[in-house]
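Q: predicted coordinates and the sequence they were generated for:
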Amino acid sequence: MEQLPRPPSSSPSSPSSLGCFLAHPLWVGASVSFAVGFALGIVAFVLRWLSGNISLIDLLSRSHLPCPLEVIGRGGCGEVYKAVLLYRDRAVPVAIKKIVQPPANAAQLCRDDSKMLHHRTRQIRSEIMTVGRMRHPNLLRLLAHLPQPRCHYLVYEYMPHGSLHDVMKRGSPPLDWPCRLKIALGVAAGLEYLHTVHRPKVIHRDLKPGNILLDGDLKPRIADFGLAKLVPGDAISGPMNSNNVAGTLGYIAPEYYQTLSYTEKSDVYSFGVILAALVTGRFPLDEFFQQTDEMWVIGWVRAALQSEDPTAAIDRKLVGKGFEEQMLLVLKIACFCTYDDPNERPSSRDARHMLAQIKH
């Protein structure tokens, strides 16, 4: 078990010492924050039990744990498990992503030239370099990175409701409009932090409902930073270039798809599509849009807003509750965020400000 790498400093800390761990700059000030302190307890537990080269699978199957591993997701990089750890007689759920890849510790991952790394290793590196070092209530926290001989384990906070996409698809728990608006505001706040507060700036590149997780109170956390890019200080202005398109069809900004160049405005485009999904209850690849003249969600939304009955674009489950005016305003913001010209799109900060001005 290793600590997540901290920003450059003059002396490394010992991962075997809980005292040194608590003094790690990554966690300075944790005692004044209940949430940070709670996460520290989880990671300290993992550190304690994994310090002797104990396999994570062996650890999580030991009798002192109340239940075995539960698979809660599968993706291109591997499986995601739910585990319940006992810490001071308290059951603490965590989510563990297993990525099969040759071993490398966090320091090596962050030091090596990313061009020389396997794509899965680059994703691990990206997670460590972003959410492994950032703290914001609307970002999913990476608690620990555990390299093993044949794979890596990334340990996160557990989000009981899963993704926004899954919640909207299954309709449980139900999301009324005030809840959806709060989700939109939370995602906007997380995006603003990535783009304008944190340095170096972070571009997520795969923002979508499937990568927005909901906690027990249905508060959103932006997750899956495997494709995220840190923007160097000398590239604060101007686009970044990529060798291939990363992201999910339907949420990829047109300039990125066409030119392989992206900026934070590419994330804003994706956010606009998410706003449209929250209001309409539909996703870009839904078969519904194949039967429309526009063939895509944003074109359909713009046509609806210009029609005699713009409320036709609103999710039928939300109609008649008295929030139609608010929802139409959010659809207009979605249209602003998805302009073809990235220079015409608002910043993530401006988008959040516009949403915050809607009475709720």
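A: Arrived safely, thanks for sending. Numbers count the residues shown, from 1 in each chain.

Q: which parts of the stretch 101-250 of the chain are strands?
A: With strands called from DSSP state E, counting those that start in this stretch, the stretch 101-250 of the chain shows them at 142-147, 151-157, 201-203, 212-214, 220-222, 229-231, 240-241.

Q: okay if I get those strands as TSV plus mean neighbour count?
A: Bear in mind the C-beta positions are built from the backbone N, C-alpha and C, glycine included. Shown next, in TSV, are these (neighbours: other C-beta atoms under 10 Å):
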stretch	mean neighbour count
strand 142-147	22
strand 151-157	23
strand 201-203	22
strand 212-214	24
strand 220-222	25
strand 229-231	20
strand 240-241	14
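
Q: would you turn those strands into TSV with mean pLDDT and distance to residue 169?
A: Compiled in TSV, the strands of the stretch 101-250 of the chain are given as follows (pLDDT from 0 to 100; distance: least, C-beta to C-beta, whole Å):
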stretch	mean pLDDT	distance to residue 169
strand 142-147	86	26
strand 151-157	88	22
strand 201-203	94	27
strand 212-214	97	13
strand 220-222	97	16
strand 229-231	87	29
strand 240-241	68	33
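
Q: mind putting those into JSON lines with distance to residue 93?
A: Shown next, in JSON lines, are those (distance: least, C-beta to C-beta, whole Å):
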{"stretch": "strand 142-147", "distance to residue 93": "12"}
{"stretch": "strand 151-157", "distance to residue 93": "9"}
{"stretch": "strand 201-203", "distance to residue 93": "27"}
{"stretch": "strand 212-214", "distance to residue 93": "13"}
{"stretch": "strand 220-222", "distance to residue 93": "14"}
{"stretch": "strand 229-231", "distance to residue 93": "30"}
{"stretch": "strand 240-241", "distance to residue 93": "36"}
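
Q: out of these, the one nearest residue 264 is which?
A: Nearest to residue 264, of all those, is strand 201-203, at 5.5 Å by C-beta to C-beta.

Q: contact partners of the closest one?
A: With contact meaning C-beta atoms under 8 Å, 6 or more residues apart in numbering, strand 201-203 is reached by 130, 134, 194-195, 225, 228-231, 236, 240, 262-264, 266-267.

Q: what pairs with it, parallel or antiparallel?
A: Here strand 201-203 is paired, per DSSP bridges, with strand 229-231 (antiparallel).

Q: contact partners of the partner strand?
A: With C-beta under 8 Å, 6+ apart as the test, strand 229-231 has contacts from 126, 129, 130, 200, 201, 202, 203, 205, 240, 262, 264.

Q: and which of those is nearest residue 165?
A: Using C-beta to C-beta, residue 205 comes nearest to residue 165 of those, at 17.3 Å.

Q: could you check how far that closest one is from residue 284?
A: For residue 205, the distance to residue 284 equals 16 Å [C-beta to C-beta, to the nearest Å].

Q: more crowded one of those two?
A: Using other C-beta atoms under 10 Å, the more surrounded residue of residue 205 and residue 284 is residue 205, with 25 against 19.
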